[in-house]
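Asker: Coordinates for the following, if possible.
(2 chains)
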Amino acid sequence: MRLGGVSLRRVAALLMAGVLATGCGGGGGTDSAGDSGGEKTLTLWHYYGPPDSATGGALVRLVERYEREHPGVDVQPRHIPFGDFTRTLLQSAAGGELPDIALINAFHTQAMVEAGIIQELDDKVAAWGKKDGFFPASWQTTQVGGKTYGLPHLADAYALYYNTDLLDEAGVEPPKTWDEVAATAKKLATGERQGLAVSGIEGDEGATGLIIRILAAGGDVAKVNTPQATKALTQFKEMVDSGAMSKGILGWNEEDVKNQFANERTAMMINSATYVSTLRTEKPDLKWKVALLPKDAQNPTLLGAENLTITSGSKNPDAAWDLMTWMQRPEVLAEYLPDRNKLPARSDVPPGEDEARAVFQEQLKSAWVPEGPLAASASEVFTHLQGALQAAISGSANVGDALTQAQQKIDQALAG
Amino acid sequence: MALLLGKRSAAAAGGTPRPRRQVPISTYLFVLPAVVFVTVTVLYPLVYNIGVSFRDVGVREIVAGGGDFVGFDNYLSRFARPEFGRALAISVIYTVLCVALSFGGGLAMAVFLNRRFPGRNLMRSVLLVAWVLPSVVSANIWRWMLDGTYGLVNTALGALGLLERDVFWLVEPTTALVAVVLATTWTMAPFAMILLLAGLQNIPDSLYEAARIDGANTWQRFTRITVPLLRPVSMTVLMLLFVTVFKTFDTIYLMTRGGPGGATTILPIHAYLEAFQFFRFGTGAAETTVMLLIPLLLSVFYFRSLRKEELS
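Answerer: Next up, the predicted model:
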């Protein structure tokens, strides 16, 4: 116990966080990596997955490649599960044990800046001079109060996956508008199978489908007692009522939705690019394609993204910056992204030959991210949107009341 | 453990008053490590948490310290929010149901396993597996079993012809609450069983024999001998069950994340979201403090009644 070096308050903050997270397991133990033999050691924390997983492994292979090209630099990636990631960072910041680089969820950038956990990078970015290659929506997520606090690492978009066999069997074309989605999904649905699946699970994750639908109607995610949001939620409810969509979506995360699609329990799904190669490996015989999101007034996707950030506790910020910019080189990304199953945050990376990934990359051009006050409270606002979806579909409130209640909570959240 | 303490203090209370003795100062040094340990690991964080609950602490203050003193504002803002009242109510319903079912089930199993029959010890051990199993495992198994499309429960009910179409157990508010209560009970009942079994084995067989000779039937023997003599153990078991269930987090978080629509959002989950999802540590701490008060009040009541019992 190094009470001498660390203030009692910091220790207490650590422990209190533990008290708050009753039974959540997994403490904030940090293995402080010491420099050895003149080698520069860089620590990198991420939530992609353990080294033996497909997603975590891709990142490990990426940093190993960097190590081979840069003798004398030792990069130590550490995986922390997504649910524990932010909490662990906050605890480690209070304990003065931050890594050099944190690969954070892009939507948490603002909170991390407020917490004083990550460094401003404007000077480094200006000297680097390659920020124009990033998609505007991706770059937007690194900006807090007009300053830059990270580099976009990669991006993810949502699009419409459809089972070509099932669509051919039913004699329907992949839908291009939301009206067509409703009609097509109903035609595709049988007793055993749904037409369309999206994740609607409790919490912010389950809001994605509704957000995409509201944006398509030209609505505002923070103002939902509007005709656009009403139209969006009404359509989702009608699709569940008609059997085109299952009530089960309220309990499914994106992985569950992928499993429904892989097992042909749904003919179409709205999901992220993450599952392109997972589907190919898990179900090589499944015949499917990807289409752009259906339109109403427009068809933007919600951006999924992570940002590379240098923490305030980094001992080697320059070495960290070198690694981060190396990771953004187009030729490095061209090899890494198919392995990692994601999309580039930059427009100068060749899309490659893959048809499905090309659709996602096209979809990414119309990506939407929360900005301003909404960015700070995105998780909470999205949680309330999922609440409205849940209330309307389960029938505990009608669409109007569900949206009015959600709006009250959203206003409270935005007021802080 | 409480039993042992109870017995010892009963012996002290019943015996002749001990003569006052001068204790040398150096003796206190022996308890110092324990005092330091408890202070650092239990008392300080507790006090810190209560301190945070009186300040306006966001993500900046939790790292750097500080935060304006706001008096009872955090508490008042909690009580002004209907979701908080709802979470508190769900917590109480959930806890009471789980405690009642775990205790009832545990008692039934204990009485059954107190008889002599072949394979008894094996069965005791097998039942304990439910309690020993990490909740990450058991909660996920429950989630899979109760899934609407591929879950075992629907398949089984469908095969028996009891179900016409898929039921999404964890998606309907009522069935979701029942499901998490059953999952928790499944884990906690064996724990109650093992403690109650220990209590049962302390009841001398001669009492039952005497009662049998006097013509008491099974039910009478249970209500007149087992229940009253098991009372002190029962109190302890109920208390332990209440405290454990009241602060449950993982089982519910893994099964429903507090959903659908907050139907299983008990206080610990609400507080967790407040602090670690929405980064409002001040109000989150206020919620955990309220969460702390309820079992605390109950344990005061418990120790009082325990003392009353010893005196009588």
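
Asker: check contacts around residue 141.
Answerer: Reading this off chain A. By C-beta atoms under 8 Å, 6 or more residues apart in numbering or on different chains, the contact list for residue A:141 reads A:106-107, A:109, A:150, A:152, A:303, A:305, A:307, A:369, A:375. C-beta coordinates here come from the backbone N, C-alpha and C atoms, glycine included.

Asker: Give me the nearest residue to it, chain neighbours excluded.
Answerer: Distance criterion C-beta to C-beta, 6 or more residues apart in numbering or on different chains; nearest residue to residue A:141, sequence neighbours excluded, is residue A:106 at 3.8 Å.

Asker: I figured that neighbour hits residue A:152, correct?
Answerer: Yes. Residue A:106 is within contact range of residue A:152, at 7.1 Å (criterion: C-beta atoms under 8 Å).

Asker: what residues do these two have in common as contacts?
Answerer: Residues touching both residue A:106 and residue A:152 (C-beta under 8 Å, 6+ apart): A:138, A:141-142, A:305-307.

Asker: Contact distance from chain B - what residues of the stretch 51-200 of chain A qualify?
Answerer: A:86-87, A:90, A:93-94, A:111-112, A:114-117 (C-beta under 8 Å from any C-beta of the partner chain).

Asker: quick one on the thing from earlier: will you turn the shared contacts of residue A:106 and residue A:152 into CSV that also has pLDDT, secondary structure and distance to residue A:264?
Answerer: Output for the shared contacts of residue A:106 and residue A:152, formatted as CSV (pLDDT from 0 to 100; DSSP: H, G, I helix; E, B strand; the rest coil; distance: C-beta to C-beta, whole Å):
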residue, pLDDT, secondary structure, distance to residue A:264
A:138, 91, helix, 34
A:141, 92, coil, 36
A:142, 93, coil, 40
A:305, 90, strand, 31
A:306, 93, strand, 32
A:307, 95, strand, 37
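
Asker: Flag every residue of the stretch 1-150 of chain B that's near chain A.
Answerer: For the stretch 1-150 of chain B, the residues in contact with chain A (C-beta under 8 Å from any C-beta) are B:40-41, B:44-46, B:48-49, B:52, B:58-60, B:62-65, B:135-136, B:147-150.

Asker: Sort out which one of the shared contacts of residue A:106 and residue A:152 lies nearest residue B:164 for me.
Answerer: Closest approach to residue B:164 among these (C-beta to C-beta): residue A:305, at 44.2 Å.

Asker: That closest one: neighbouring residues, count only.
Answerer: Counted by other C-beta atoms under 10 Å in any protein chain shown, the residues lying close to residue A:305 total 28.

Asker: is it possible to export the residues of the stretch 51-200 of chain A next to chain B to a markdown table including pLDDT?
Answerer: Listed next are those as a markdown table, based on pLDDT from 0 to 100:
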| residue | pLDDT |
| --- | --- |
| A:86 | 87 |
| A:87 | 86 |
| A:90 | 89 |
| A:93 | 90 |
| A:94 | 85 |
| A:111 | 87 |
| A:112 | 91 |
| A:114 | 88 |
| A:115 | 88 |
| A:116 | 91 |
| A:117 | 93 |
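
Asker: May I see the PyMOL selection of the buried members of those residues?
Answerer: Only the buried members of those enter the following PyMOL selection, criterion being 16 or more other C-beta atoms under 10 Å in any protein chain shown:
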select buried, chain A and resi 86+87+90+93+94+111+112+114+115+117
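
Asker: Closest to residue B:222 out of the residues of the stretch 51-200 of chain A next to chain B?
Answerer: Nearest to residue B:222 among those: residue A:87, at 48.7 Å, using C-beta to C-beta.

Asker: For the closest residue to chain A within chain B, give me its contacts.
Answerer: Closest approach between chain B and chain A, counting by C-beta to the nearest C-beta: residue B:259, at 2.9 Å. Counting by C-beta under 8 Å, 6+ apart, residue B:259 makes contact with A:201-203, A:250-251, A:390, B:170, B:176, B:265.

Asker: Narrow the residues you listed to those in strands?
Answerer: Counting by DSSP state E, no part of those is found in strands.

Asker: tell me, how many neighbours does residue 189 end up with?
Answerer: Defaulting to chain A. Residue A:189 has 21 neighbouring residues, counting by other C-beta under 10 Å.

Asker: not what I meant, chain B
Answerer: Quick note: residue B:189 (other C-beta under 10 Å) scores 24 neighbours.

Asker: The closest residue to it other than its chain neighbours: what secondary structure?
Answerer: Excluding the flanking residues, the one nearest residue B:189 by C-beta to C-beta, 6+ apart is residue B:105, at 3.9 Å. When classified by DSSP: H, G, I helix; E, B strand; the rest coil, residue B:105 comes out as helix.

Asker: how far away is residue B:105 from residue B:198?
Answerer: 17 Å (C-beta to C-beta, to the nearest Å).

Asker: neighbour count winner among the two?
Answerer: For residue B:105 versus residue B:198, neighbours defined as other C-beta under 10 Å are more numerous around residue B:105 (17 against 13).

Asker: okay, the more buried one: pLDDT?
Answerer: Note for residue B:105: predicted pLDDT of 96.

Asker: try residue B:159
Answerer: 87.

Asker: My read is that residue A:333 contacts residue A:348, right?
Answerer: No. Using C-beta under 8 Å, residue A:333 is not in contact with residue A:348, being 9.1 Å away.

Asker: Who has more neighbours out of those two?
Answerer: Set residue A:333 next to residue A:348 and count neighbours by other C-beta under 10 Å: residue A:333 wins out with 23 against 13.

Asker: The stretch 151-300 of chain B: helices as residue ranges?
Answerer: B:152-159, B:173-201, B:205-213, B:218-221, B:227-229, B:231-246, B:250-255, B:267-272, B:281-311 (DSSP state H, counting those that start in this stretch).

Asker: what's the most buried one of those?
Answerer: Among the helices of the stretch 151-300 of chain B, ranked by average contacts under mean count of other C-beta atoms under 10 Å in any protein chain shown, first place goes to helix B:267-272 (a mean of 25).

Asker: Closest approach to chain B from chain A, which residue is it?
Answerer: Nearest residue of chain A to chain B (C-beta to the nearest C-beta) works out as residue A:202 at 2.9 Å.

Asker: Would you list the phi and psi of that residue?
Answerer: Note on residue A:202: its backbone torsions stand at phi -50, psi 140 [degrees, to the nearest 10].

Asker: Taking the centroid of the chain, which residue is nearest it?
Answerer: With no chain named, the answer covers chain A. Central residue of chain A (C-alpha atoms, centre = their mean): residue A:304, 3.5 Å from the mean position.

Asker: you looked at the wrong chain, it should be chain B
Answerer: Nearest to the mean C-alpha position of chain B, counting by C-alpha atoms, centre = their mean, stands residue B:244 at 2.1 Å.
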